[in-house]
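This is a predicted model, with the sequence first.
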Amino acid sequence: MRAKGQWIAVSGILGLLAAVLIAGLAFNADLRPVGQGSEAPGFEAVNIVSGDTAGFDDYSGNVILLNIWATWCGPCEVEMPSIERLHQQLGPEGLAVVAVSVDATPAEGVLEWIRERNLTFDVLHDRSGRIERAYQITGLPETFVIDRHGTILRKVIGPVEWDDPAEVARLRRLLNTTEAVRTSTRETAEQS
């Protein structure tokens with residue numbers, strides 16, 4: 001085979017390998033972007049208070065505010081009081097507030113941190129960093145608003161005043177909209 005023919009054969013093989021690689025990446029769920037409109041990845045972590053394993057499935061069917069944070073993160077500390085106030089305000093209406101600490105330190109340090117701040121929402125601990133990879137975290141804090149069907153409606157990087165009236169109104173509309181759909185579906189099923 002001549003040199004030109006060899007280069008054509010090598011180019012064809014490389015092109016085929018590239019096409020296979022791209023096709024494989026396109027179908028690999030772990031590499032799909034995580035953001036608005038995507039399905040929320042599952043996760044498991046340890047409940048910092050009970051010591052039990054908890055995960056995404058434990059909150060399915062709820063509107064979820066999923067906050068990924070760490071005790072050493074200054075902006076995380078800044079937003080925690082507003083998350084607690086939001087939890088106090090909308091928790092009774094069905095908002096599941098879940099904060100997952102990605103601290104590499106032992107759970108006792110995280111537990112002490114949340115007790116000092118009187119946080120009452122669910123705090124989980126993931127020392128492994130799996131949730132950071134699953135949600136493709138680029139900084140802390142990162143917060144995801146997830147609807148009752150497991151779809152990410154919003155991804156926020158950085159601290160937010162979660163109990164700001166505009167944020168509360170936005171989340172309350174989501175809670176009321178999804179509750180109205182559930183009630184309507186339930187009433188339709190009962191009439192059948």
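Done, it's in.

Pull the distance from stretch 54-68 to the chain's centre.
A distance of 8 Å separates the centroid of the chain from that of stretch 54-68, by CA atoms, centre = their mean, to the nearest Å.

which ones are touching Gln136?
Contacts of Gln136 were listed using CB atoms under 8 Å, 6 or more residues apart in numbering, and they are 33-34. (Each C-beta comes from the backbone N, C-alpha and C, glycine too.)

try it again with 7 Å
Residues near Gln136 by CB atoms under 7 Å, 6 or more residues apart in numbering: Val34.

what's the answer for the one 10 residues further on, then?
Ile146 is in contact with 40, 64, 66, 152-153, counting by CB under 7 Å, 6+ apart.

Go again with 8 Å.
40, 63-66, 152-153.

Phi and psi next, for the nearest residue to it once chain neighbours are set aside.
Leaving aside its sequence neighbours, Ile146 sits nearest to Ile64 (CB to CB, 6 or more residues apart in numbering; 4.2 Å). Taking degrees, to the nearest 10, you get phi -120, psi 130 for the backbone angles of Ile64.

The one 4 residues further on now?
The phi/psi pair for Ile68 (degrees, to the nearest 10) reads phi -110, psi 120.

Would you quantify the distance from it to Thr138?
Relative to Thr138, Ile68 is positioned 11 Å away (CB to CB, to the nearest Å).

and what of Cys73?
13 Å.

more crowded one of the two?
Cys73 (19 against 9; other CB atoms under 10 Å).

which residue sits closest to that one in space, ignoring its chain neighbours?
Using CB to CB, 6+ apart, the closest residue to Cys73 is Leu140 (4.4 Å).

returning to what we had before: closest one to Thr120 out of the contacts of Ile146, please.
If you rank these by distance to Thr120 using CB to CB, Leu65 comes first, at 13.8 Å.
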